[in-house]
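1. Coordinates for the following, if possible.
(one chain, ligands or ions: 2)
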Amino acid sequence: MASYQMLVKDVIKRADILLEVIDARFPDETRNNEVERDVARSKKPLIIVLNKCDLVSKEKLEETKSRLSKIAPTVFVSGKNRFGTTMLRHKILETAGIKGREILVGSLGYPNTGKSSVINGVAGKHKTGTSPISGYTKVLQLVNAGSRIMFIDTPGVIPFGENDEYIQGLLSVKDATSLKDPIGVAMKIIEKLCAENKTALESFYHITIGGQDSYDALILIGKQCNFLKKKGEVDDTRAAVRIINDWQKGLLVI
Ligand SMILES: Nc1nc2c(ncn2[C@@H]2O[C@H](COP(=O)(O)OP(=O)(O)O)[C@@H](O)[C@H]2O)c(=O)[nH]1
Ligand SMILES: [Mg+2]
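-> Ligands and ions are numbered 1, 2, ... in the order given. Next up, the predicted model:
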């Protein structure tokens with residue numbers, strides 16, 4: 001069995017309650033069925049944490065929250081801006097239902113979804129210390145968040161599959177220049193924005209997207225940015241890199 005699956009099982013076994021930290025901009029891509037199934041089998045409570053909510057519109061957050069609430073209690077937070085972290089603290093205490101002793105909270109999720117930021121956001125001024133513990137092949141970090149809450153922070157628990165390059169681009173695990181197919185990744189970003197907040201994309205790049213496909217939109221953006229090659233045609237790779245960089249800097253909101 002792959003070592004990450006053992007690590008996931010190890011964290012689930014140690015914890016009283018689990019957080020699945022996902023990126024609110026693409027909840028479906030950053031959820032992991034296998035992890036959710038393992039948690040369900042353990043009969044331990046799960047909270048879905050929609051992190052990076054500062055980058056997503058309120059309507060989309062509410063829509064995702066009500067959809068995912070059918071699976072598990074769902075909260076949206078911004079680990080970075082410390083938004084919703086008090087709510088999450090209360091949700092942990094309420095959902096764990098453990099009285100009179102410390103509650104061990106495991107955090108699971110793809111790299112860069114913001115697990116450490118969420119933990120630090122919740123711990124905040126209550127944080128009384130961290131200590132390393134040895135887990136399956138990796139060192140886990142225990143973060144004491146006060147009021148009986150102790151987090152297990154895990155380094156990038158779920159690895160990416162070979163075909164997940166676009167998720168790695170979306171999640172900023174790989175920067176634009178390390179991607180094998182920046183144009184493909186940029187097209188995915190355009191598709192996502194067109195489906196969810198086309199006006200934001202249009203106004204950010206000062207373009208109007210009609211019925212074109214995502215490649216045509218990429219060319220439009222390249223043209224608008226004046227990324228031209230010698231013969232006057234649009235430099236599609238340069239346009240793709242620009243779009244990915246803007247996305248990874250959090251300039252493009254859904
Ligand atoms: N905009 C925004 N960025 C965030 C948020 N939480 C984390 N990040 C960023 O996402 C990246 C990964 O965060 P980190 O906590 O290290 O993720 P981890 O690998 O899951 O522990 C960092 O660059 C963070 O600054 C958030 O709520 N909003
Ligand atoms: Mg981390």
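2. any idea which element whatever residue of the chain ends up closest to ligand 2 lies in?
-> Residue of the chain nearest ligand 2, by Cβ to the ion: Ser116 (3.3 Å). Backbone N, C-alpha and C define where each C-beta goes, glycine included. Element membership for Ser116 (DSSP states H and E) is helix 115-123.
3. wait, does the helix or strand that that helix is followed by contact ligand 2?
-> On the C-terminal side of helix 115-123, the closest following helix or strand by DSSP H and E is strand 129-134. No - Strand 129-134 lies out of reach of ligand 2 by Cβ under 5 Å from the ion, never closer than 12.1 Å.
4. quick check: angle from the helix holding Ser116 to strand 129-134?
-> 140 degrees (axes from the mean of the first three to the mean of the last three Cα atoms, to 10 degrees).
5. so what does helix 115-123 touch, helix or strand wise?
-> strand 17-23, strand 46-51, helix 85-96, strand 103-108, strand 139-144, strand 149-153 (3 or more Cβ pairs under 8 Å, 6 or more residues apart in numbering; DSSP states H and E).
6. just flag whichever of these has the lowest average confidence.
-> If you rank these by mean pLDDT, strand 139-144 sits at the bottom with a mean of 88.
7. right, is it up against ligand 2?
-> No - Strand 139-144 is not in contact with ligand 2 by Cβ under 5 Å from the ion; minimum separation 8.4 Å.
8. Next, the angle strand 129-134 makes with that strand.
-> Using the same axes, to 10 degrees, strand 139-144 lies at 150 degrees relative to strand 129-134.
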